[in-house]
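**Q** Sequence first, predicted model second:
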Amino acid sequence: MKNQEVAEIFRQVAALLEIKGDNPYRIRAYQRAAQNIEALTVEVEELAAKGKLERIPGIGKDLAQKIKEILETGTLSLYEELKQEVPPELLKFLEIPGMGPKKAKIIYETLGIKSLEELEKACLEHKLSRLPGFGPKTEQNILKGLKFLQQKVGRLPLGLVLPWAEEIVALLKAQSPLERIDIAGSLRRRRETVKDIDILITSKKPLKVMDTFVGLPMVEEVLVKGETKTSVRLRQGINVDLRVVDPQCYGAALAYFTGSKAHNIRIRELGVQRGLKINEYGIFRGQERIGGKEEDEVFAAVGLPWIPPELREDRGEIEAAQAGKLPHLVAYEEVKGDAHVHSKFSDGAASIEEIASYAQSLGLKWVGICDHSQGLKVAGGLPKEKVWEKREAIRSFNKRSRGVKLLFGTEVDILADGSLDYPDEILKEFDLVIAAIHSGFKQDEGTLTRRIIRAMKNPYVHVIAHPTGRLLGEREPYPLDMEEIIRVAKETKTALEINAYFKRLDLNDIHVRAAKEAGVKLCIGTDAHLVDQMHYLPLGIAVARRGWCEKKDVLNTLDYKGLKKHLQEITSWKLKQKA
DNA sequence: GCCGTTTTCGGCCCGACTGTTTTCAGTCG
């Protein structure tokens, strides 16, 4: 039983309790428990075995017992009972914008409606507007909400949305009278997927800015337009909220709109303990405002240092800040190279010269040219005899180049039995060997885990690429015993990749943090097949930061010589272990 | 249901907006 599954049961329980109208604090307890279990960097099963469940924040005696029950029986009696009382189909109602647990309950109890189809029919027949607390407007909104739900795009990958948001910011800066502007929300926290774009500004002429905003070419529809808040929908199907705030409370508003919600709640609780009220308008003692112009004032008011947005998930950052143990996160500028780029030698579109020159323009110092191996025919895998040609090309380039240096690398395929697609005599010649699974995703967890472990034990393998194989919104991660993989990675000094391609971001933030805590190094690569995909590198850095990584945890912070030396040392160490 | 430098009971974050209401409940972020 995985953390994710336990968390999901608690989420469902919370939602069912909401519809039942249970104690809101009890509901929050289940939600918080779900969030904290999901964020664990160890298996909840292991904590249960050691009797340490109550060390998870938000888990007390009762919930610890319930976790044990889930681990032992695969479900929870409370959950099963609730499903008898409240039809689980009703949970779908909660996804309709504007529909919450109270309305869902009334609709079910008075009209007996429990499917979305029945709900739409009832709206069209105006059966809802006769209910207490409902009116014609509610009916219209539910119909609108149902339509929205049908064509809903859901959460979109960070790498898709961030450039749109940055373009809007650039246009607003250029075309309207504003002083300060920031992207807030989950985008600022660099979550792997985002639901909407939040932008915060200060301006002496807010209406002018709003006019510019609604007139931007990418805006499809204006949803709300006011003096302090305007919402639009972009042609790409995502909503953007633009908020104008008073310069005196810009910092408080930025903290507030950056979230996460769970993090904000903890900060405000700390405020309450100190007799302070913290909201988007500032920090207050009684009626008096004592701060809020800059974001760090919010943290300072509750005795904390400024916390980087990527950490603000209530995953222990507040406790770490209190203890003076916040990580010194790896900085974007500290990353010196892209470890995983494909060239014309396999299925990449660019020559090694083009790759190097593009890397130079991005301010990078080195690039790992990691083409596919011989067996991966669909991806133009490099046959053995061509490997030497590539090595010569890279050597000769490095001799000529004053700037960017290239690593002679490969992304060698991990075959179905865990052996590698090049023999050791060839692998040992590469500067950088990244091993990856490209087939046999349907194997079971044990088989897949053993495949990767066998690859890590090969002395010439330095990195495991995109370890889970997931594609955001397209393909689930294949089943792996990640804890075991991290354990063996540590044991064999093998690094794990943070694949920065926008659909992958694999490993994810939680696994990265588990790896970091275990002492495993991370290696960031864009997996670029076109040079401009090297632009995704900062997404990988963001994942590293969300995984609490510091400079020392990330191989990309080494310079070219340092990295080559490190990789050689790993291989000699592995060979010695084998002997 | 959790939790404690206002501790083992009585609290638990905060405000805006909407629609349905004569003063507020529900929803949202």
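**A** All right, it came through fine.
**Q** Sketch out the low-pLDDT regions of chain A for me.
**A** Across chain A, the stretches falling below the confidence threshold (pLDDT under 70) are A:1, A:152-153.
**Q** Would stretch A:309-328 count as contacting DNA strand B?
**A** No: contact of stretch A:309-328 with DNA strand B (C-beta under 7 Å from any atom of the strand) is absent, the minimum separation being 9.6 Å. C-betas here are computed from N, CA, C, even on glycine.
**Q** now stretch A:13-20
**A** No: judged by C-beta under 7 Å from any atom of the strand, stretch A:13-20 stays clear of DNA strand B, getting no closer than 7.9 Å.
**Q** and that stretch, which residues are buried?
**A** Buried residues in stretch A:13-20, counted by 16 or more other C-beta atoms under 10 Å: A:13-19.
**Q** Tell me which of these fall in helices.
**A** A:13-19 (DSSP state H).
**Q** quick one on the thing from earlier: report the two of the buried residues of stretch A:13-20 separated the most.
**A** Taking C-beta to C-beta as the measure, those span a maximum distance of 11.1 Å, between A:13 and A:19.
**Q** Can you tell me which of the ones in helices among the buried residues of stretch A:13-20 is closest to residue A:255?
**A** residue A:14 (26.0 Å).
**Q** I am assuming residue A:550 contacts residue A:326, so please confirm or correct that.
**A** No: the pair residue A:550 and residue A:326 fails to qualify as a contact (C-beta atoms under 8 Å) at a distance of 10.3 Å.
**Q** Looking only at neighbour counts, state which of the two leads.
**A** Using other C-beta atoms under 10 Å as the criterion, residue A:550 and residue A:326 rank with residue A:326 on top: 19 against 16.
**Q** Next, count neighbours for the residue of the stretch 101-250 of chain A found nearest DNA strand B.
**A** Nearest residue of the stretch 101-250 of chain A to DNA strand B (C-beta to the nearest atom of the strand) works out as residue A:135 at 2.1 Å. Applying other C-beta under 10 Å, we find 12 residues neighbouring residue A:135.
**Q** same question, residue A:293
**A** The local packing of residue A:293 (other C-beta under 10 Å) involves 16 other residues.
**Q** got TSV for the buried residues of stretch A:13-20, with distance to residue A:374 too?
**A** Converted to TSV, the buried residues of stretch A:13-20 look like this (distance: C-beta to C-beta, whole Å):
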residue	distance to residue A:374
A:13	51
A:14	51
A:15	51
A:16	54
A:17	57
A:18	56
A:19	57
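**Q** wait, which of those is closest to residue A:272?
**A** residue A:14 (23.3 Å).
**Q** which residues does that closest one contact?
**A** A:27-28, A:30-31, A:34 (C-beta atoms under 8 Å, 6 or more residues apart in numbering).
**Q** out of these, which touch DNA strand B?
**A** Checking the contacts of residue A:14 against DNA strand B (C-beta under 7 Å from any atom of the strand), the matches are A:28, A:30.
**Q** Counting neighbours, which of the contacts of residue A:14 end up buried?
**A** For the contacts of residue A:14, buried by 16+ other C-beta under 10 Å: A:27, A:30-31, A:34.
**Q** excluding its backbone neighbours, what's nearest the residue nearest to the spatial centre of chain A?
**A** By C-alpha atoms, centre = their mean, chain A has its centre lying nearest to residue A:192, at 2.8 Å. Counting by C-beta to C-beta, 6 or more residues apart in numbering, residue A:505 is the residue found nearest to residue A:192 once chain neighbours are left out, at 4.9 Å.
**Q** What of residue A:365?
**A** With sequence-adjacent residues excluded and distances taken as C-beta to C-beta, 6+ apart, residue A:365 is closest to residue A:336, at 4.4 Å.
**Q** my guess is the one you found contacts residue A:364, does it?
**A** Yes: using C-beta under 8 Å, residue A:336 is in contact with residue A:364, at 6.5 Å.
**Q** tell me the SS of residue A:224?
**A** Classification of residue A:224 using DSSP: H, G, I helix; E, B strand; the rest coil returns strand.
**Q** That one and residue A:213, how far apart?
**A** Applying C-beta to C-beta, to the nearest Å, the value for residue A:224 to residue A:213 is 12 Å.
**Q** Comparing the two, which shows the higher neighbour count?
**A** Between residue A:224 and residue A:213, residue A:213 has the larger neighbour count (other C-beta under 10 Å), namely 23 against 10.
**Q** about what we covered before: number of nearby residues for the residue nearest to residue A:365?
**A** Neighbours around residue A:336, by other C-beta under 10 Å: 18.
**Q** how close does it sit to residue A:64?
**A** 45 Å.
**Q** Same check on residue A:338?
**A** 44 Å.
**Q** So for these two, which sits in the more crowded spot?
**A** Neighbour count, other C-beta under 10 Å: between residue A:338 and residue A:64, residue A:338 has more, with 28 against 19.
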